[in-house]
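S.K.: Show me the folded form of this:
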Amino acid sequence: MSELVSLEICAGAGGQALGLEQAGFRHVGAVENDQHACQTLRINRDHDGLPPERRWNVMEMDVHDLDGRDYQGIDLFAGGVPCPPFSIAGKQLGADDERDLFPKALEIVADARPRAVLLENVRGLSQPRFASYRKQILDRLHELGYYTEWHLIHGAEHGVAQLRPRFVLVALQKKYELNFAWPKANPNPPTVGEVLLEQMGSNGWPGAEAWAERANGIGPTLVGGSKKHGGPDVGPTRARAGWAKLGVKGSSIAEEAPGPDFPLDEMPRLTVKMGALIQGFPPEWEFYGRKTAAWRQVGNAFPPPVARALGVSIADALNRVEPLARNKSTVPAESLF
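M.R.: Numbers count the residues shown, from 1 in each chain. Sure, this is the predicted structure:
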């Protein structure tokens, strides 16, 4: 089995890139324009303490300045293009939003001709109002010789302790189209209590175990917000109510875990570290910046376990000698639900 090579844009804090690394991809480039996120990537995966083959080549730049021709022949082109053009908070302007990077992503695909493409966005892109926009993307990828599917995937289906719906595009050169299958869902995600018990008790809070028993479900989707909007919290009113049912106060983010004097009858807040664990980052992953900047990276990340599951499916398709036993006519170009 040959080594698989990937290029990623809009890499953020590295959630997608980390999951793809776990699936066997080596990153020749991780493109990001946010200075805090770039430093997070460097701290974890682009420093002199790592062997060259494990370094991600972090490129702090505007993706519009990236020339896909420099990466011709890569196995995978991946990215989490900006969500605001398709999110409610971003007013869902779609193609009319200057932050829409799908056109640039398609340009890179045309220039680099990767064997596979993985792009993810918010659930809002799956709405009927964007049907013509999705079709434009499918049509362009078809012109370029790719078999493409859209699919709505939930983080909780792949080992993440929150709902986290994401709308994912996978495209493969047509010779691989019969090789690909979406990863199977796991019906038993970890609970918030299971994921956070150790952290909740890390500063000596005696109520940690009782709290974990109460937090016996998955959480609402964490949000990171944007540079234009306020301080860090778990999300809008509905999300805060959902976290409250799990015993979490969501109006703000704490600097540290509750201590020995924290009241047993009060709800603790999440920390940046706890948010990262809920997203599926390993405990050792570090986030650069003060609380607001770090939380933004955590809340906007693509969960590594989900990226790993998708990466394994893509790698299997690229490496498979015999096609899967299925009729391609039964596989829809859009699988929304």
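
S.K.: All the helices of the protein, residue numbers only.
M.R.: With DSSP state H as the criterion, the chain has helices at 15-22, 35-45, 102-112, 131-143, 192-200, 208-214, 237-245, 272-279, 291-299, 304-319.

S.K.: who are the neighbours of the fourth one, in terms of helices and strands?
M.R.: Applying 3 or more CB pairs under 8 Å, 6 or more residues apart in numbering; DSSP states H and E, one finds that helix 131-143 makes contact with helix 102-112, strand 146-154. From N, CA and C alone the C-beta is placed, and that goes for glycine too.

S.K.: among these, which is nearest residue 252?
M.R.: strand 146-154 (26.6 Å; CB to CB).

S.K.: which ones are touching the residue nearest the centre of the chain?
M.R.: For the chain, the residue nearest the mean C-alpha position is residue 302 (1.1 Å; CA atoms, centre = their mean). Taking CB atoms under 8 Å, 6 or more residues apart in numbering, we find residue 302 in contact with 12, 15-16, 19, 80, 120, 166.

S.K.: If we use 10 Å, what do you get?
M.R.: Counting by CB atoms under 10 Å, 6 or more residues apart in numbering, residue 302 touches 10-20, 78-80, 118, 120-121, 155, 164, 166, 168, 279-280, 310.

S.K.: for residue 265, same thing?
M.R.: residue 207.

S.K.: circling back to that earlier point, columns mean pLDDT on top of the helices and strands packed on helix 131-143, output as JSON lines?
M.R.: Below are those laid out as JSON lines (pLDDT from 0 to 100):
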{"stretch": "helix 102-112", "mean pLDDT": "95"}
{"stretch": "strand 146-154", "mean pLDDT": "95"}
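
S.K.: CSV for these, including mean neighbour count?
M.R.: Below are those laid out as CSV (neighbours: other CB atoms under 10 Å):
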stretch, mean neighbour count
helix 102-112, 18
strand 146-154, 20
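
S.K.: which one of these lies closest to residue 204?
M.R.: When those are compared by CB to CB, strand 146-154 sits nearest residue 204, at 35.0 Å.

S.K.: Before we move on, what's the pLDDT of the residue nearest to residue 219 when sequence neighbours are not counted?
M.R.: The shortest distance from residue 219 to any non-neighbouring residue, by CB to CB, 6 or more residues apart in numbering, is to residue 162 (4.3 Å). Looking at residue 162, its pLDDT is 96.

S.K.: can I assume residue 162 is in contact with residue 196?
M.R.: No - Residue 162 lies out of contact with residue 196 (CB atoms under 10 Å); the separation is 11.5 Å.

S.K.: Looking at these two, which is more packed in?
M.R.: residue 196 (29 against 25; other CB atoms under 10 Å).

S.K.: how far away is that one from residue 114?
M.R.: 37 Å (CB to CB, to the nearest Å).

S.K.: if we can go back for a sec, among the contacts of residue 302, filter down to the buried ones and hand me the ChimeraX syntax, if you would.
M.R.: For the buried members of the contacts of residue 302, the matching ChimeraX selection, counting by 16 or more other CB atoms under 10 Å, is:
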select :10,11,12,13,14,15,16,17,18,19,20,78,79,80,118,120,121,155,164,166,168,279,280,310
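
S.K.: Please verify my assumption that residue 245 contacts residue 218.
M.R.: No - between residue 245 and residue 218 there is no contact under CB under 10 Å: 11.1 Å.

S.K.: Just want to know which of those two has more residues nearby.
M.R.: Neighbour totals were compared for residue 245 and residue 218, and residue 218 leads with 22 against 12 (other CB under 10 Å).

S.K.: on that earlier part again, quick check: neighbours shared by residue 162 and residue 196?
M.R.: Overlap of the contact sets of residue 162 and residue 196 (by CB under 10 Å, 6+ apart) consists of 219, 275, 278.

S.K.: Got a quick ChimeraX command for the buried subset of the residues you listed?
M.R.: This is how ChimeraX selects the buried members of those, with burial counted by 16+ other CB under 10 Å:
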select :219,275,278
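
S.K.: JSON lines for the shared contacts of residue 162 and residue 196, including pLDDT and distance to residue 192?
M.R.: Shown next, in JSON lines, are those (pLDDT from 0 to 100; distance: CB to CB, whole Å):
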{"residue": "219", "pLDDT": "97", "distance to residue 192": "5"}
{"residue": "275", "pLDDT": "98", "distance to residue 192": "11"}
{"residue": "278", "pLDDT": "98", "distance to residue 192": "7"}
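
S.K.: burial of residue 260, as a residue count?
M.R.: Residue 260: 9 neighbours (other CB under 10 Å).

S.K.: what's the spacing between it and residue 215?
M.R.: For residue 260, the distance to residue 215 - CB to CB - is 20 Å.

S.K.: Low-confidence ranges, the stretch 1-150 of the chain, go.
M.R.: 1, 82-99 (pLDDT under 70).

S.K.: try it again with 50
M.R.: Residues of the stretch 1-150 of the chain that meet the criterion pLDDT under 50 lie in 84, 86-97.
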